[in-house]
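> the sequence and its predicted three-dimensional model are supplied below.
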Amino acid sequence: MSGDEYETKFMEAGETVRHRDKVVWRWGLPLMGGFSLLALALAIMDFTLAASQAGTGALVGAAVGVLLLFASGVLGFTAATLTVLRTVVTDRAVHVQYGLWGPTIPLDAIDSVEIAKYDWTRFGGWGLRGTGDERAFTIQGHDEATLCIRWREGGALKTTWFSTDDPGNTALAIERARAAQKAGPRVRVAFDESPPDAAEASESDASSDARDERDTKRGSAAARSE
């Protein structure tokens, strides 16, 4: 499965990709986008009414319009960024990114990987949750099978929860990548089985002839002495 342009540019960093997973908050985009457009329309109406009034009414109308315009921007930003949760497993790390946020977990820093139920009541909901050394990047509807990675950074133990569309295969890909990294690259040993060249063969034959000649002379000398 090939990745999209965002993954290639911001997450893979030229590494060998072993597994990809993407969870989409399918009704989040139309919901947040719809509220954003509604707030924008109300802001325009408020600015129009404020322009037709004078004094305090105009100021109040303009202030409400500014607030609605700000709300429209926040909702639009949420719709554009917090509706997709990506996970990319490479030969070096596990990249988790929810919108613009998420950790890069080196494989050699991982202590354990498990599939567990996400307790949204403990974290106070879904989305970007948690503080400090325990963080969650989750989407509603994936509570029963959420990946939990415990890993170390600078000596501190961290816990990262994140939703995946296929938790079993994602966990398997992480474990295989870790095993491959520990095993290291395979080394091939080549043996030179080529026959000796002509010069070596000639030198060997000359040495053999010299030994035979010496043995013959010794035999002749022994015969004469007798």
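Received it, and whenever you're ready, just let me know what you need.

> tell me the domain ranges of this structure?
Residue ranges for the domains of the chain, per automatic domain parsing: 1-25+89-215, 26-81.

> the ones you listed: lowest mean pLDDT?
When these are ranked by mean pLDDT, domain 26-81 comes last with a mean of 72.

> tell me where the chain has helices.
Taking DSSP state H as the criterion, the chain carries its helices at 5-10, 28-52, 56-81, 120-123, 167-183, 198-225.

> list the contacts of residue 145.
Residues in contact with residue 145 (CB atoms under 8 Å, 6 or more residues apart in numbering) are 115, 117, 164, 167-168. From N, CA and C alone the C-beta is placed, and that goes for glycine too.

> gap between residue 105 and residue 174?
9 Å (CB to CB, to the nearest Å).

> ok, residue 117 next?
19 Å.

> the more surrounded of the two?
Comparing residue 117 with residue 174 by other CB atoms under 10 Å, the one with more neighbours is residue 174, at 22 against 10.

> pretty sure residue 64 sits against residue 46.
Yes - with contacts counted by CB atoms under 8 Å, residue 64 reaches residue 46, the gap being 4.9 Å.

> neighbour-wise, which of those two wins?
Neighbours of residue 64 and residue 46, each counted by other CB under 10 Å, are more numerous for residue 46; the result is 20 against 17.

> so the more buried one touches residue 62, yeah?
Yes - assessed by CB under 8 Å, residue 46 is found in contact with residue 62 at 7.4 Å.

> torsion angles phi and psi at residue 118?
Dihedral pair for residue 118: phi -80, psi 120, per degrees, to the nearest 10.

> which non-adjacent residue is nearest it?
With sequence-adjacent residues excluded and distances taken as CB to CB, 6 or more residues apart in numbering, residue 118 is closest to residue 146, at 3.9 Å.

> any idea how far that neighbour is from residue 140?
Separation of residue 146 from residue 140 (CB to CB): 11 Å.

> compare these two (neighbour count), which wins?
In this view residue 146 and residue 140 are compared by other CB under 10 Å, and residue 146 has more residues nearby, 22 against 14.

> next one: the more buried one from residue 157, what distance?
19 Å.

> list the contacts of residue 60.
By CB under 8 Å, 6+ apart, residue 60 lies in contact with residue 50.

> confidence score at residue 224?
pLDDT at residue 224 comes out at 47.

> from residue 144, how far out is the closest residue to residue 115 other than its chain neighbours?
Of all residues not flanking residue 115 in the chain, residue 167 sits nearest, at 4.9 Å (CB to CB, 6+ apart). Distance of residue 167 to residue 144, computed by CB to CB: 9 Å.
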